[in-house]
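Trainee: I would like the atomic coordinates for the input below:
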Amino acid sequence: MIKRPTAVAATSLPVRFDAVDALRGLAMVWMTAFHFSFDLNQFGYIKQDFYHDPLWTWQRTLIVSLFLFCAGLGQAIAVARGQSWPRFWRRWAQVLGCALLVTLASWWMYPQSFIYFGVLHGMALMLIIARLTAHWGGRLWWLGGVVIAIQLIAVYSMNTWATDELATIFNSKQLNWLGLVTQKPITEDYVPLLPWLGVMWWGVAAGHWLTRQGVALSWRLPAAFKPLALLGRWSLSYYMLHQPVMIGALMALAWLAK
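Mentor: Numbering: from 1, shown residues only. Next comes the predicted model:
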């Protein structure tokens, strides 16, 4: 009996997987709807508590989870296709550059709560870790779970037993990017290393498993989902442009309504 190969040669994998791009595109559409609602709230068209209402806080958690899971998927596929380190660093530099732009723009708009370690900042750090550990494969399933559990246990322990001095150290801007905080920092976006590295590791583990299935990622998308795949291919550019466009449109609407 001929055994089916358990791994796929890098050259046999297509350049893009529409299903993965569409999943990333879905995350972008959901994020856009969330941000547009947030902008409507900022301009006074609606009244919602985006910082405490579970309707919004859970949406944010799920959107970020989907976004980072897709990033992990993409990293596993890139490694399976034999992506070189120079190419990785070029893409990584784009993510880091965009993260710095987000910091500058948010400092201009929200000087008291600007973004200094949001989703792109966290992704820049996590992508390096994901790249270095992608060869761990299926072990990343349980390692991701351990990372998430560590964060939950550490935060509970800090809240229960830690001294005020120790809590102050981990709550500081120098260390709160780790995620071991007893109080969420005042910032418009906060995506620390823990627990979110666990989510990206799950994406890498899923991508590792799927690429080993040969054709598992090559699903044919219905025509209705093709726009999502196209959006997913340009996710970073779209991420950087969607908020300025929506805020600009709402500012124009407010000016015309005067």
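
Trainee: what's the average pLDDT for stretch 236-247?
Mentor: Averaging pLDDT along stretch 236-247 yields 95.

Trainee: quick one: secondary structure of Phe114?
Mentor: Under DSSP: H, G, I helix; E, B strand; the rest coil, Phe114 falls in the coil class.

Trainee: what are the phi and psi angles of it?
Mentor: Backbone torsions for Phe114, taken as degrees, to the nearest 10, come to phi -70, psi 160.

Trainee: I figured it hits Glu188, correct?
Mentor: Yes - here Phe114 reaches Glu188: they are 7.0 Å apart, a contact under Cβ atoms under 8 Å. (C-beta placed from N, C-alpha, C; glycine too.)

Trainee: Now the common contact residues for these two.
Mentor: Residues touching both Phe114 and Glu188 (Cβ atoms under 8 Å, 6 or more residues apart in numbering): Ser106.

Trainee: Now for Ile150: which residues touch it?
Mentor: Per Cβ under 8 Å, 6+ apart, neighbours of Ile150: 194-195.

Trainee: Could you number the chain from 28 rather than 1 from now on?
Mentor: Understood, numbering begins at 28; the last thing we discussed is Ile177.

Trainee: so when I look at it, I'm seeing a strand, right?
Mentor: No - judged by three-state DSSP, Ile177 forms no part of a strand; its state is helix.

Trainee: where exactly do the strands run in the stretch 128-277 of the chain?
Mentor: Remark: strands of the stretch 128-277 of the chain are absent; assignment by DSSP state E, counting those that start in this stretch.

Trainee: what's the closest non-adjacent residue to Phe115?
Mentor: Arg158 (5.9 Å; Cβ to Cβ, 6 or more residues apart in numbering).

Trainee: got any ranges where this protein has weak pLDDT?
Mentor: Applying pLDDT under 70 to the chain flags residues 28-42, 241-245.

Trainee: which residues in it form helices?
Mentor: 45-69, 81-107, 112-136, 146-160, 166-188, 191-198, 220-238, 253-260, 262-283 (DSSP state H).

Trainee: Can you tell me which of the ones you listed is most buried?
Mentor: helix 220-238 (a mean of 23; mean count of other Cβ atoms under 10 Å).

Trainee: I'd like the distance from that one to the chain centre, please.
Mentor: The chain centre lies 11 Å from the centre of helix 220-238; the measure is Cα atoms, centre = their mean, to the nearest Å.

Trainee: Now do it against helix 146-160, angle only.
Mentor: Inter-element angle recorded for helix 220-238 and helix 146-160: 50 degrees (by axes from the mean of the first three to the mean of the last three Cα atoms, to 10 degrees).

Trainee: orientation of helix 220-238 relative to helix 81-107 in degrees?
Mentor: With the same axes, to 10 degrees applied, the angle from helix 220-238 to helix 81-107 works out at 50 degrees.

Trainee: Show the contacting residues for the spatially closest residue to Gln86 that is not a sequence neighbour.
Mentor: Nearest residue to Gln86, sequence neighbours excluded (Cβ to Cβ, 6+ apart): Phe61, at 5.7 Å. Neighbouring residues of Phe61 by Cβ under 8 Å, 6+ apart: 83, 86-87, 90.
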